[in-house]
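S.K.: Following is a predicted model, sequence given first.
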Amino acid sequence: MAYQVLARKWRPKKFADLVGQEHVVKALVNALGKGRLHHAYLLTGTRGVGKTTIARILAKSLNCPHAEAGEPCGVCDSCTQIDAGRYVDLLEIDAASNTGIDNIREVLENAQYAPTLGRYKVYIIDEVHMLSKSAFNAMLKTLEEPPEHVKFILATTDPHKVPITVLSRCLQFVLRNLNVQQVHDHLAHVLTTENTAYEDAALQLLGRAAMGSMRDALSLLDQAIAMGSGSVNEADVRQMIGAVDKSYLYDLLAALAAQNGSALMDKAAEMAGRAIGFDNALSELALLLQRLALLQTIPAAVAADDPERARLQQLAASLSGEQIQLYYQCAIRGKQDLTLAPEEYAGFVMTLLRMLAFAPLAAAKQPANGQISGSSLQDAPPESVAIAPITAPNTDAPVVEPAAEQHRAAPEFQAASEVETARSDTSADNADIPPWLDTEVEMVAEAEVIETAASENEANPPANRSAYAAAPMVESAAQPVLAEPQVAAYTSQSATTAAEKQHHTVAATDVQAALASPPPASDTASPPIANTEQQDGAPAEALPELTAANWPQIVAILAHKLGAVQLFAQHSAVAAFDAASGHLQLALASEGEITADKARLQRLAEVLSAAYGCRIEVSTEAWQQDSGLETQAMRLQRLQQEARAAAQQQLEADSAAQSLISLFGAQWLPESLILKEAN
């Protein structure tokens, strides 16, 4: 006997053999058992889900003399002849080939005659949506009121192409796509019955590749058995369907966790050299990230005997929950944008670089499995507390001796505790701020203090100190940290170290007075506009004039109100502002174009209008390289480069380093200088 493909050999012969269509089976079996039979049925669904199979089983049940509870016996003449395709009272019509009115007219004329063998004459019209308009019109009357001995079973993959007049005359059943687990279990049953060896992971791959179609899954299984010489192996299946080896995905996530851009690009180039489909790669990466998130949230959801559990636990320990969520969003968005990329490799690389660029902002200062303050995913809204006094640095104050510093350590510690409590009060307002923005706002504020403290040629009295740069630095300025001067210490506490070299504390009353006083004439052309908005009884915070120079300060002050708009604002600069009309023109850098939409512009306009007490409209323009403007992100990058250059200059001037250079003919490697973040 000739070989029969699995898709035909394992086609269900009765309702009990069907997989994944329980809702349809239950309705049909109950109707058959109680004799509540409709004259026309419409089965819809994607390819390979069982439309034609259910139609044939229903035809057998209608004509089987020994049917029990709606199930055909499968052994009578009617059942065997229908299975063999020789039953005279069952007519299967392919509407894709018989689309004209003449074909339908012939069917309708024959429908008037009584069945030859069975109780009913059954017409199965497959791909019924392919019929012409005239053919549909010709069958409307017969379809609505057919003879008692006639049953119509229509099947289609595109029900929206079927006229509504036809749909209203049929009892419609929508067949669902099968999930991966259903396909996996059925394939395992088939292989066990066929005495064929298989790997469980290979069946999972086939289940995903089938995309809900059992017929496609069985066809792929046939191919996998042939490729594996009588067995089904994961490696063969991956090669056959173009699936990505998971080792690549694990290596990609490990490189992202380590912030190793070189390893990330090397792995992407290796994947390109092996002709791996990047669309599938991003899909598999998203699935892996979903498993990591599931393992972190519900560890029991991943079986203890899962062969990948150890590797998953290792990655889950090296990535925070916020990072996993961010990477998942990047993978999904990258998959959508892949068709728009000039080539798939470029789109895949840009997606990886997006993950690499966003990760430091989300993970800075956060331990593995840590929580980012203000994250609505992790943090509950804290209770409201009063705002504590703020301490700020002053470079013009005299140096306090260590004994005096030790003497005031206790009150400063208390102030720091109060500030921490006050900061928790604002976390509810910051709940909509993306996790990668909180850290960047702090870094920008710290960088501003570094720049101010490093300017030894400028001597500003305390009254002329900008209070707006000090405001986002409450935590750093309040901590009583005694540190020795360090070389190239660009850290999260750099602002604290620079300020504590002067050992000066400003009382709350002084800070309030500074906020009420205008900034220096050199910084702004006119006095700042006071914000009249009051929150929780706290004093209103003044805002500087809306200019390009003050834009980073404005964004930092309004950070808790801007939320996700910060990501757009930090990549923009003020190009022009008309105070009379309230029109604000922002120059938008290319990095911020992806985050610029109508909703964010509207949100920014609302926050600025409320803060300045006047109506402000916001629009954007393309970035001009020769405009002389600088975004918040550009400024931060510049300050980092300046800190690196200053550190390198100081190290090169060291006598020990000069001795080594002259003695061994050594050469300084700038890339070896790493600016570490202090703990």
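M.R.: Good, I have the coordinates. Numbering: from 1, shown residues only.

S.K.: how close does the most centrally placed residue in the chain get to residue 354?
M.R.: Central residue of the chain (C-alpha atoms, centre = their mean): residue 329, 1.4 Å from the mean position. Separation of residue 329 from residue 354 (C-beta to C-beta, to the nearest Å) stands at 10 Å. All C-beta atoms are positioned from the backbone trio N, CA, C, and that covers glycine.

S.K.: The residue nearest to the centre of the chain sits in which helix or strand?
M.R.: helix 321-337 (DSSP states H and E).

S.K.: what do you get for residue 620?
M.R.: strand 617-622.

S.K.: Buried residues in stretch 584-596, which are they?
M.R.: Residues of stretch 584-596 classed as buried: 584, 586-589, 591-592, 595-596 (neighbour count, 16 or more other C-beta atoms under 10 Å).

S.K.: Identify, from those, the entry nearest to residue 115.
M.R.: Nearest to residue 115 among these, counting by C-beta to C-beta, is residue 595 at 67.6 Å.

S.K.: Please save the CA atoms from the strand holding residue 620 in CSV.
M.R.: Extracted in CSV, the C-alpha atoms of strand 617-622 (Å, rounded to 0.1, in the frame of the first residue of the first chain):
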residue,chain,number,x,y,z
GLU,A,617,1.1,76.3,22.5
VAL,A,618,4.0,73.9,21.5
SER,A,619,5.2,73.1,18.0
THR,A,620,8.3,71.4,16.7
GLU,A,621,10.8,72.0,13.9
ALA,A,622,13.6,69.9,12.5
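
S.K.: Which secondary structure elements does it sit against?
M.R.: Packing partners of strand 617-622 (3 or more C-beta pairs under 8 Å, 6 or more residues apart in numbering; DSSP states H and E): strand 583-588, helix 598-612.

S.K.: Kindly confirm whether my reading is correct that residue 555 touches residue 633.
M.R.: No: between residue 555 and residue 633 there is no contact, the gap being 10.7 Å when judged by C-beta atoms under 8 Å.

S.K.: So between the two, which is more surrounded?
M.R.: residue 555 (23 against 19; other C-beta atoms under 10 Å).

S.K.: Now the more buried one: closest residue in space that isn't a chain neighbour?
M.R.: residue 569 (4.8 Å; C-beta to C-beta, 6 or more residues apart in numbering).

S.K.: before we move on, the earlier item: pull up the overlap in contacts between residue 555 and residue 633.
M.R.: residue 570 (C-beta atoms under 8 Å, 6 or more residues apart in numbering).

S.K.: measure residue 603 to residue 566 for me?
M.R.: 10 Å.

S.K.: For the two, indicate the residue with more neighbours.
M.R.: residue 566 (27 against 19).

S.K.: Looking at the backbone only, give me phi and psi for residue 81.
M.R.: phi -70, psi -40 (degrees, to the nearest 10).

S.K.: number of nearby residues for the nearest residue to it once chain neighbours are set aside?
M.R.: Once flanking residues are discounted, residue 81 sits nearest to residue 87: 4.2 Å by C-beta to C-beta, 6+ apart. As a burial measure, residue 87 scores 23 neighbours (other C-beta under 10 Å).

S.K.: host element of residue 87?
M.R.: Applying DSSP H and E, one finds residue 87 in no helix or strand.

S.K.: Could you point out which residue ranges in the stretch 101-250 of the chain have low pLDDT?
M.R.: Applying pLDDT under 70 to the stretch 101-250 of the chain flags no residue at all.

S.K.: any chance you could map the strands in it?
M.R.: Secondary structure of the stretch 101-250 of the chain, counting by DSSP state E, counting those that start in this stretch: strands at 121-126, 150-156, 171-174, 197-198, 231-232.

S.K.: Reformat those as a markdown table; add mean neighbour count and distance to residue 115.
M.R.: Converted to a markdown table, these look like this (neighbours: other C-beta atoms under 10 Å; distance: least, C-beta to C-beta, whole Å):
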| stretch | mean neighbour count | distance to residue 115 |
| --- | --- | --- |
| strand 121-126 | 24 | 4 |
| strand 150-156 | 24 | 9 |
| strand 171-174 | 15 | 21 |
| strand 197-198 | 17 | 45 |
| strand 231-232 | 20 | 45 |
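
S.K.: So what's the gap between stretch 192-212 and the chain middle?
M.R.: When C-alpha coordinates are averaged (C-alpha atoms, centre = their mean, to the nearest Å), stretch 192-212 and its chain have centres 29 Å apart.

S.K.: for it, which positions count as buried?
M.R.: Applying 16+ other C-beta under 10 Å to stretch 192-212 flags 198-199, 201-210, 212 as buried.

S.K.: Give me the distance from stretch 118-125 to the chain's centre.
M.R.: Its chain's C-alpha centre and that of stretch 118-125 lie 51 Å apart, by C-alpha atoms, centre = their mean.

S.K.: what's in contact with it?
M.R.: Identification of contacts with stretch 118-125 by C-beta under 8 Å, 6+ apart yields 52, 55-56, 58-59, 62-63, 78, 87, 89-93, 95, 107, 111, 113-115, 131, 149-155.

S.K.: May I ask you to confirm that residue 576 is in contact with residue 585?
M.R.: Yes: look at residue 576 against residue 585 with C-beta under 8 Å: they come within range, at 4.3 Å.

S.K.: Give me the phi and psi for the residue nearest to residue 555.
M.R.: Dihedral angles (degrees, to the nearest 10) for residue 569: phi -70, psi -30.

S.K.: In contact with it, which residues?
M.R.: By C-beta under 8 Å, 6+ apart, the contact set of residue 569 is 555, 562, 604, 632.

S.K.: ok now do the residue nearest to the second one when sequence neighbours are not counted, which residues does it touch?
M.R.: The spatially closest residue to residue 562, leaving aside those adjacent along the chain, is residue 607, at 5.7 Å (C-beta to C-beta, 6+ apart). Applying C-beta under 8 Å, 6+ apart, one finds that residue 607 lies in contact with 558, 561-562, 565.

S.K.: Residue 634 too?
M.R.: residue 589.

S.K.: got it, and residue 652?
M.R.: 658, 668 are the contacts of residue 652 under C-beta under 8 Å, 6+ apart.
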